[in-house]
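>>> next come a sequence and a model predicted from it.
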Amino acid sequence: MPASALRNVALVGHYGAGKTTLAEALLFKSGAIKRQGTVAEKNTVSDFDPDEKEHKHSIEVAVLHADHKGKHINLLDCPGISDFVSGMVEGLAAADSALLCVNASAGVEVMTRKLWGMLEFQGLPRTIVLTKLDHERAKFEEVIAQLKDAFGAAVTPAMLPLGMGKDCKGFFPLWGDLSAAPAEIASAAKDLSAKLIETIVAADEKLMERYLADEKIPVAELNACFTRAMQAGAIVPVLYTAADKALGASELLDFIADILPAPNARKVKLTRPGKALPEEREIEAKPDGPLYAQVFKSKRDPFTGKVAYLRIFSGSLAPGVAFKVTGQTKPDKVSHFSNVQGHATTEIHSAGPGDIVAIFKNEHLHCGDTATSEDLGWSLPKLPFPVGMSALAVQAKNRNDEAKVSEQLRHLSENDPTFKVEVDHETHELVIHGMGQIHLDLNLHRLKRLHLEVTTKPPKIPYRSTVSSVGVGHYRHKKQSGGAGQFGEVNIQIEPNPGKGFEFVDEIVGGVIPKNFIPSVEKGIQKKLVEGVWPGIMVQDVRVRLNDGKSHDVDSKDIAFQIAGREAFKLAFEKAHPVLIEPIVHLEIVIPGKYMGDITGNLSGHRGRISGMDQMGDLQVVKAEVPLSAMQNYSAELKAMTAGEGFFSMELSHYAPVPTHVAGPVIAAAKSRQVHEADE
């Protein structure tokens, strides 16, 4: 099928906006399914995962398809809970436009705003779909006003409801034939249609002139201009649905087929590393061009194995066609690939620009990879996955399950790029990172389903130690055991080196320590930096000057000077007024202004320091520097303080001294561990 006959549309919106129900209605009205399922009955095409059925909400992006008016429509039903943002990113990566669903009873919600920002970042044309207009609490005019206030004057109603709440009978499209309008709305439809058309033709100067001259604009021309106006952001149409009853679904299918852009209308840029800046070039959606496809989602299915979902941007895919994958040197081939309808797949024998396909049992394809027939180093843009802000240290209850737990967690991380698993080499803990507690709990629940029980706790804070003044240390290592002995003597001076890490300065003169043993002294000191003088607490930001020492012609050895360097460092460190330092993160919190007092008060209680404030529409952005130790439960705290309307991001800023009342217990615990380990 040519790219001009394809539509790739993402369904996005706040949790509870009715995206999955709308997708089901679109499939039903198009004839793709014979019966419209419901979330409550756990029988929708989108939510096929056991966890989605259990929790009654989407967790991953689901790929669906329908045919309408000669167009093949791929629908990407994205989750609406912020913890599962990876599904939103994946769905938008494969789409050419988006339907932003807004619950007519709830209005503009926090994820509505966040998703709007994601759509702007991706440059995708957007349509707002007001859902649940048959509900008694639907606030039609109030929500339209909210949308205009939040997203600007481009927001333009493109339908009229035929009744509201329980009296809702359907919706009339304002871009269609006005002669079909029911008598009770004919006048209003004429006025609103004129406003809609004026907004559309304003995107084309020549068409505007013809319209102002009262020339009748052919429907095809008007539709094409509508598409261009949406691509330029000059208009954001608002459509209406009551998807439980499939009301508005047929009109929405018409809109998708007639107005929303095809894949060949989208400009896609490739990049490759350059000597100064990355090079860029555009590709066109041509079936005879070089193959460029992107893995927008990959997962390991317990029944079918590894599955990679590809969106093709250029070229064609056929069984046996060779391509290269990001980071791979050898060409790859696929023998089989399929189109997707939720969990069901149907094998196909060719695919071209705009197509979305699933490839099974290919271990080389990972989320974000570019598959290409060219060998020039060009790749499609990386997917903008956010970094998870919540973390837990995980330990298998049964020590015999440790390897299985690690393996299964890695498999789960393959399915979700925002779920990370790592072994912290400093604290020796297995740590999982996610977007929030709901996200972490879901993956732990999936472990439990595999009969793998774990215990969890907050990860250890990677405290460090440093010095606040100058200290000197002298140590002589001498060992005689009847045979060859060991001898090494060093004098060092330690001093602060803030923000510059470890620096070793050789100030030996006269050869009192032979040149070949100078590195041995440094090696011994570096080992102590990692071990910590306070056990388990690494040392950083110190400058060490090696200024004197002694050697022995026979007994001096590498190990002797390592030991002497290590012990001299320990003595100097203890004399240089050591301090405990902790990681400080730069925190950005986005909240409605009404929660400002709660947020600032909470930050103050967490030893946070507000560094600035910005405005984002009618939202407040609070910037602060806060100890990492205060952030371990912040996701849950913010959710409680803002009724789920706030979100945040953070990144490591610097290390800073820990107040004495906090440092004392940490240092005491480290020394206690040392005594305990020595007793064992």
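That came through, no problem.
>>> residue ranges with poor pLDDT in the chain?
Within the chain, the stretches with pLDDT under 70 are 482, 617, 674-680.
>>> that one - how does it break down into domains?
Following automatic domain parsing, one finds the domains of the chain at 3-177+234-265, 268-372, 390-457, 465-576, 583-662.
>>> could you measure from residue 42 over to residue 76?
Here residue 42 is placed at a distance of 21 Å from residue 76 (CB to CB, to the nearest Å). Using the backbone N, CA and C atoms, a C-beta is placed for each residue, glycine as well.
>>> ugh, wrong one, residue 262
Counting by CB to CB - residue 262 and residue 76 are separated by 16 Å.
>>> and these two? Which one has more around it.
The residue with more neighbours, out of residue 262 and residue 76, is residue 76; 30 against 20, by other CB atoms under 10 Å.
>>> deepest in the core, which of the domains of the chain is it.
domain 3-177+234-265 (a mean of 21; mean count of other CB atoms under 10 Å).
>>> quote the end-to-end distance of that domain.
Counting by CA to CA, to the nearest Å, you get 9 Å between the two ends of domain 3-177+234-265.
>>> where do the strands sit along the stretch 401-550 of the chain?
Counting by DSSP state E, counting those that start in this stretch, the stretch 401-550 of the chain has these strands, from start to end: 420-424, 429-434, 454-457, 464-467, 471-479, 486-496, 502-506, 538-539, 542-550.
>>> residue contacts, the residue lying closest to residue 234 once chain neighbours are set aside?
Sequence neighbours aside, residue 203 is the residue nearest to residue 234 in space, at 4.8 Å (criterion: CB to CB, 6 or more residues apart in numbering). Residues near residue 203 by CB atoms under 8 Å, 6 or more residues apart in numbering: 225, 228-229, 232, 234-235.
>>> which other helices and strands does the longest helix anywhere in the chain contact?
In the chain, with assignment by DSSP state H, the single longest helix is helix 660-679. Applying 3 or more CB pairs under 8 Å, 6 or more residues apart in numbering; DSSP states H and E, we find helix 660-679 packed against strand 578-592.
>>> the strand it packs on pairs with which strands, and in what direction?
strand 464-467 (antiparallel), strand 619-627 (antiparallel), strand 647-657 (antiparallel) (DSSP bridges).
>>> that strand: what's the following helix or strand?
With elements assigned by DSSP states H and E, the helix or strand that comes after strand 578-592 is helix 596-605.
>>> quick one on the thing from earlier: which residues touch the longest helix of the chain?
Identification of contacts with helix 660-679 by CB under 8 Å, 6+ apart yields 463, 532, 534-537, 579-580, 629, 657-658.
>>> what does stretch 499-519 give?
Stretch 499-519 has contacts (CB under 8 Å, 6+ apart) with 488, 490, 497, 521-522, 525-526, 529, 539-551, 556, 558, 561, 654.
>>> quick one: contacts for the closest residue to residue 182 other than its chain neighbours?
Distance criterion CB to CB, 6+ apart; nearest residue to residue 182, sequence neighbours excluded, is residue 162 at 6.5 Å. Residue 162 sits next to 168-172, 182, 185 when contact means CB under 8 Å, 6+ apart.
>>> sorry, back to before: okay, and the residue nearest to residue 234 sits in which element?
Counting by DSSP H and E, no helix or strand carries residue 203.
>>> would you list the contacts of helix 660-679 in JSON lines and tack on distance to residue 240?
Shown next, in JSON lines, are the contacts of helix 660-679 (distance: CB to CB, whole Å):
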{"residue": "463", "distance to residue 240": "56"}
{"residue": "532", "distance to residue 240": "63"}
{"residue": "534", "distance to residue 240": "64"}
{"residue": "535", "distance to residue 240": "65"}
{"residue": "536", "distance to residue 240": "61"}
{"residue": "537", "distance to residue 240": "60"}
{"residue": "579", "distance to residue 240": "62"}
{"residue": "580", "distance to residue 240": "60"}
{"residue": "629", "distance to residue 240": "49"}
{"residue": "657", "distance to residue 240": "58"}
{"residue": "658", "distance to residue 240": "56"}
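>>> so residue 623 sits against residue 612, correct?
Yes: at 4.2 Å, residue 623 and residue 612 qualify as touching, with contact defined as CB atoms under 8 Å.
>>> quick one: contacts of stretch 246-254?
With contacts defined as CB under 8 Å, 6+ apart, stretch 246-254 is touched by 22, 25-26, 28-30, 36, 66, 68-69, 73, 99, 129, 133-134, 159, 168-171, 173, 176, 239-243.
>>> just those residues: which are in helices?
Using DSSP H, the contacts of stretch 246-254 in helices are 22, 25-26, 28-30.
>>> nearest residue to residue 304 other than its sequence neighbours?
Nearest in space to residue 304, with sequence neighbours left out and distances taken as CB to CB, 6+ apart, is residue 360 at 5.7 Å.
>>> OK, contacts around residue 379?
By CB under 8 Å, 6+ apart, the contact list for residue 379 reads 270-272, 326, 370, 372.
>>> contacting residues for residue 14?
Residue 14 sits next to 80, 101-103, 106, 109-112, 115 when contact means CB under 8 Å, 6+ apart.
>>> go on, residue 388?
418-420, 433-435, 439.
>>> thinking residue 589 is in contact with residue 626, fair?
No: Residue 589 lies out of contact with residue 626 (CB under 8 Å); the separation is 9.9 Å.
>>> gap between the closest residue to residue 611 other than its chain neighbours and residue 610?
Among residues not flanking residue 611 along the chain, residue 623 sits closest, at 4.9 Å (CB to CB, 6+ apart). According to CB to CB, residue 623 stands 7 Å off from residue 610.
>>> cool, residue 438 as well?
Taken as CB to CB, the span from residue 438 to residue 610 is 28 Å.
>>> tell me how far stretch 370-380 lies from the chain's centre.
Centroid separation between stretch 370-380 and its chain, computed with CA atoms, centre = their mean, to the nearest Å, is 24 Å.
>>> same deal with stretch 139-158?
Centroid separation between stretch 139-158 and its chain, computed with CA atoms, centre = their mean, is 28 Å.
>>> now stretch 225-243
Distance, stretch centre to chain centre, for stretch 225-243: 27 Å (CA atoms, centre = their mean).
>>> and that stretch, how far apart are its ends?
28 Å.
>>> hey, where'd the helices end up in the stretch 301-450 of the chain?
Assigned by DSSP state H, counting those that start in this stretch, the helices in the stretch 301-450 of the chain fall at 402-415, 437-449.
>>> which stretch among these comes nearest residue 484?
helix 402-415 (42.7 Å; CB to CB).
>>> dump the C-alpha coordinates for that closest one into CSV.
Provided in CSV are the C-alpha atoms of helix 402-415 (Å, rounded to 0.1, in the frame of the first residue of the first chain):
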residue,chain,number,x,y,z
GLU,A,402,19.9,-14.5,43.1
ALA,A,403,21.0,-15.4,39.5
LYS,A,404,17.4,-15.9,38.4
VAL,A,405,16.3,-12.6,39.9
SER,A,406,19.0,-10.7,38.1
GLU,A,407,18.3,-12.4,34.8
GLN,A,408,14.5,-11.8,35.0
LEU,A,409,15.0,-8.1,36.0
ARG,A,410,17.3,-7.7,33.0
HIS,A,411,14.6,-9.2,30.7
LEU,A,412,12.0,-6.7,32.2
SER,A,413,14.4,-3.9,31.5
GLU,A,414,14.6,-5.0,27.9
ASN,A,415,10.9,-4.5,27.6
